[in-house]
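Q: could you work out the structure for the sequence below:
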Amino acid sequence: MEPQEYPIDGVLDLHAFAPSDVGDLVPEYLRACREKGILRVRIVHGKGTGTLRRSVHAILDRHAHVAAYETAKDASSWGATIAHLTAPEDSDAG
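A: Next up is the predicted model:
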């Protein structure tokens, strides 16, 4: 299966991916957003049983460049998480 290009626009909808891909996908998407100067990232994980949300939150808890995160405050509420990233600095290069 050929890799598909996914837009780096600050919104990652996990419905399009297998749950087994989330562990690599979320950190890589956050890295790409930071590179583009996107520091507020919406991660749509759905409401469901909460398993995917807990997985996303665990990833965000461990991610060095996540300053904070919260569930969305709009109609999607706990079906999406907003991650706030730290700004890239010159020392991040490399």
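Q: got the buried residues for the longest helix belonging to the chain?
A: Among all segments of the chain classified by DSSP state H, the helix with the greatest residue count is helix 22-35. By neighbour count, with 16 or more other C-beta atoms under 10 Å as the criterion, the buried positions of helix 22-35 are 22, 25, 26, 27, 29, 30, 33, 34. (Each C-beta comes from the backbone N, C-alpha and C, glycine too.)
Q: can you show me the strands along the protein?
A: Using DSSP state E, the strands of the chain run over 11-13, 40-44, 66-71, 80-85.
Q: which of those strands sits most buried?
A: strand 80-85 (a mean of 20; mean count of other C-beta atoms under 10 Å).
Q: each with direction, which strands does it pair with?
A: strand 40-44 (antiparallel), strand 66-71 (antiparallel) (DSSP bridges).
Q: the longest one to helix 22-35, inter-axis angle?
A: I take that to be strand 66-71. Angular relation of strand 66-71 and helix 22-35 on a 0 to 180 degree scale: 120 degrees, by axes from the mean of the first three to the mean of the last three C-alpha atoms, to 10 degrees.
Q: any idea of the mean pLDDT for strand 66-71?
A: In this model, strand 66-71 has a mean pLDDT of 97.
Q: sorry, back to before: could I get the strands paired with strand 80-85 as TSV with distance to residue 18?
A: TSV is the format used below for the strands paired with strand 80-85 (distance: least, C-beta to C-beta, whole Å):
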stretch	distance to residue 18
strand 40-44	15
strand 66-71	22
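Q: coming back round to it: helices or strands up against the longest helix of the chain?
A: strand 11-13, strand 40-44, helix 51-62, strand 80-85 (3 or more C-beta pairs under 8 Å, 6 or more residues apart in numbering; DSSP states H and E).
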